[in-house]
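Asker: quick one, what's the 3D model for this:
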Amino acid sequence: MATATETKAISHWIGGRAVERPATTGGDVWNPATGEVISHVPFATVAVVDEAVAAAKAAFPEWRQTPLARRAEILFKVRALLDERREKLARILTTENGKTLPDAMGEVARGLENVEFACGVPNLLKGGFSEGASRGVDVYQIRQPLGVVAGVTPFNFPAMVPLWRLSNAIACGNCFVLKPSGKVPSSSLFIAELFAEAGLPAGVLNVVMGDKVAVTRLLEHPDVKALSFVGSTPVARHFYETGTKHGKRVQALGGAKNHMLVLPDAELDAAADAAVSAAYGAAGERCMAISVVLAVGAVADPLIAAIEKRIAAIKVGSGFDASTGMGPLITREHRDRVAGFLDAAVEDGAKVVVDGRKDAATKENGFFLGASLVDHVKPGTRCYDAEIFGPVLSVVRVKSYAEGLKIINENAYGNGTAIFTRDGGAARQFQFDVEVGMVGVNVPIPVPVSYYSFGGWKSSLFGDLHMYGPDGIQFYTRSKVVTSRWPDPTTSKVDLGFPQNR
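Answerer: Numbering: from 1, shown residues only. Predicted structure coming up:
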């Protein structure tokens, strides 16, 4: 493993190749399991962002004219290469993000699903045709690409989220500029190399490493027509407002506070398994992680006992260790911030049932925090209100389904939720009543499959369309309606009246 004195420099990817450019600022990439710096990212200047956008703009005229069958052929090759090298990509994710290797393999698989969906682009871009809308007049609709589009992606899913965006965008005929998180840069370059190997023309996909300077330039650049983003709600709101102010189509996913409502009739072991899996997978660094269990009535005590028992079996350590259940958090600062919520919980009257800081104390290096469980949490306290984004599961005790539903619907976020019950009527009522974009029935992490779309409600999403799937195709295209007539010249005449269908 590289040390701080042996770090490698990360490149940009512009015009179909890796390029190095002068930088005035940059950032270190850490291995969160060892606490060592493994590489350095030179952040893009405005000039570098402009170079990437110019490369994409130059590639667009030819790429938008590329036949749908050829675009699909390239995507099929990308799909084959990703499948062949999925473990290599997963190992990059584990090294830079810290998640366990099986979790990283799962991330690659879910990204691969979106490539597979985009392979169907010839069918996805079919329009409509109405013959004889008026006498001798036909009307039809087509969908066309926007041009240069961009995506700003987060650290927690360095491969999956970029593939969510760029697969559909490129399939639709756009050219893409990706700005990944500087904490996890290597997977984006690996993906760009695979697309190039599959035959994607130079300039169709570009990757720029950067910070706020790069993001601001993408938001303001006149040649960028659409942008997508994932991050905290305040930043997502700013991203959306700034981008739309500059006339762009914007899709910005914000924060989350996902609740799991457990009714008294729920299968207890299944509910406990689900709560632990969804709360502590990827060290809780998922926007779809369950962070609050709403335990109804008498189910609370046995459920907490079952969760506590399962936590005791979770080994915390390097993601490359096959016995590890949970890896480190992304940075030391983030680990310390998450740990601070345990003190806040006690100050606010809650009870820390399992304190993950004790487990972390056994680790000399790395950014570890053990799975933590907090009982008697109440809305309005810091542990409940914040998106902790770490391995802290809060239990809120409620008296009834109605009280639990009220808490969910009054929360500012509406990303994901789940109900655990054996009562089909209660489950059906819940999916009707709950004000959340993605709902699981006895499923704790209801991330939609690739042929549906991902997105929340309320402060979890800014924009009109959800991500990937059918909404993704719509986001990356605009419709055009053509009204066509090929008349007999002898019937042509001047008519100043408003056109009617006759």
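Asker: C-terminal to the longest helix seen in the chain, which secondary structure element comes first?
Answerer: Secondary structure of the chain per DSSP state H: the longest helix is helix 46-65. Read in the C-terminal direction, the helix or strand following helix 46-65 is helix 68-84, with elements assigned using DSSP states H and E.
Asker: what average pLDDT does that following helix get?
Answerer: For helix 68-84, the per-residue pLDDT values average out at 98.
Asker: now Ala272: closest residue in space, sequence neighbours ignored.
Answerer: What sits nearest to Ala272 in space, not counting adjacent residues and going by CB to CB, 6 or more residues apart in numbering, is Ala306, at 3.6 Å. Just so you know, the C-beta spots here come from the backbone N, C-alpha and C atoms, and that holds for glycine as well.
Asker: so that neighbour touches Glu267, yeah?
Answerer: No. At 10.9 Å, Ala306 and Glu267 do not qualify as touching, with contact defined as CB atoms under 8 Å.
Asker: can you say which helix or strand has Val161 in it?
Answerer: Mapping Val161 onto the secondary structure by DSSP H and E places it in helix 160-171.
Asker: residue contacts, the residue nearest the centre of the chain?
Answerer: Residue closest to the mean C-alpha point of the chain, counted by CA atoms, centre = their mean, is Val161 at 4.5 Å. Applying CB atoms under 8 Å, 6 or more residues apart in numbering, we find Val161 in contact with Gly111, Thr153, Pro154, Val230.
Asker: ok, now with 10 Å
Answerer: When the contact criterion is CB atoms under 10 Å, 6 or more residues apart in numbering, the partners of Val161 are 107, 110-111, 114, 151-155, 178, 180-181, 228, 230, 253, 287, 454, 467-468.
Asker: which ones among the residues you listed map onto helices?
Answerer: By the criterion of DSSP H, membership of those in helices covers Glu107, Arg110, Gly111, Asn114.
Asker: adding neighbour count, pLDDT and distance to Phe43, write these out as CSV.
Answerer: Written out in CSV, the entries for these read as follows (neighbours: other CB atoms under 10 Å; pLDDT from 0 to 100; distance: CB to CB, whole Å):
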residue, neighbour count, pLDDT, distance to Phe43
Glu107, 26, 98, 25
Arg110, 17, 97, 29
Gly111, 25, 97, 25
Asn114, 27, 97, 28
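Asker: nearest to Gly440 among those?
Answerer: The shortest approach to Gly440 among the ones in helices among the contacts of Val161 belongs to Arg110, at 15.6 Å (CB to CB).
Asker: the closest one contacts Met160, doesn't it?
Answerer: Yes. Checked against CB atoms under 10 Å, the pair Arg110 and Met160 is within contact range at 5.2 Å.
Asker: what sits in contact with each of these two?
Answerer: With CB under 10 Å, 6+ apart applied, the overlap between the contact sets of Arg110 and Met160 consists of Val447.
Asker: what number of residues are in the vicinity of Ala9?
Answerer: Taking other CB atoms under 10 Å as the criterion, the count of residues near Ala9 is 11.
Asker: show me what contacts Trp457?
Answerer: Trp457 makes contacts with Tyr413, Gly414, Asn415, Val434, Glu435, Val436, Gly437, Met438, as judged by CB under 10 Å, 6+ apart.
Asker: now, those that are in helices?
Answerer: Among the contacts of Trp457, no member lies in helices (by DSSP H).
Asker: put the buried members of the residues you listed into a PyMOL selection.
Answerer: Here is the PyMOL command that picks out the buried ones among those, judged by 16 or more other CB atoms under 10 Å:
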select buried, resi 413+414+415+434+436+437+438
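Asker: any chance of CSV for the contacts of Trp457, columns pLDDT and distance to Leu200?
Answerer: CSV is the format used below for the contacts of Trp457 (pLDDT from 0 to 100; distance: CB to CB, whole Å):
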residue, pLDDT, distance to Leu200
Tyr413, 97, 37
Gly414, 97, 36
Asn415, 97, 32
Val434, 98, 41
Glu435, 98, 41
Val436, 98, 37
Gly437, 97, 32
Met438, 98, 31
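Asker: format the contacts of Trp457 as CSV; extra columns: distance to Asp83.
Answerer: What follows is those, written out as CSV (distance: CB to CB, whole Å):
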residue, distance to Asp83
Tyr413, 35
Gly414, 35
Asn415, 29
Val434, 36
Glu435, 38
Val436, 33
Gly437, 30
Met438, 27
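Asker: which neighbours do Ala306 and Glu267 have in common?
Answerer: Asp273.
Asker: in terms of packing, which of those two has more residues around it?
Answerer: In terms of neighbours (other CB under 10 Å), Ala306 is the more surrounded of Ala306 and Glu267; the figures are 17 against 14.
Asker: and the gap between that one and Ala289?
Answerer: Taking CB to CB, to the nearest Å as the criterion, Ala306 is separated from Ala289 by 19 Å.
Asker: with Glu403 instead?
Answerer: Relative to Ala289, Glu403 is positioned 23 Å away (CB to CB).
Asker: and those two? which has more neighbours close in?
Answerer: Between Glu403 and Ala289, counted using other CB under 10 Å, the more crowded position is Ala289 (29 against 15).
Asker: the more buried one reaches Ile388, doesn't it?
Answerer: Yes. Contact criterion CB under 10 Å: Ala289 and Ile388 qualify, at 9.1 Å.
Asker: shared neighbours of the two, anything?
Answerer: Any residue near both Ala289 and Ile388 by CB under 10 Å, 6+ apart counts here, and that gives Lys257.
Asker: which residues of the stretch 301-450 of the chain score low on pLDDT?
Answerer: Counting by pLDDT under 70, the ranges of the stretch 301-450 of the chain that qualify are 360-362.
Asker: for it, what spans make up the helices?
Answerer: For the stretch 301-450 of the chain, the helices identified by DSSP state H, counting those that start in this stretch occupy 332-347, 356-360, 382-385, 401-410, 424-433, in order along the chain.
Asker: now those in TSV, please, with extra columns for distance to Arg64.
Answerer: Compiled in TSV, the helices of the stretch 301-450 of the chain are given as follows (distance: least, CB to CB, whole Å):
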stretch	distance to Arg64
helix 332-347	41
helix 356-360	51
helix 382-385	46
helix 401-410	44
helix 424-433	40
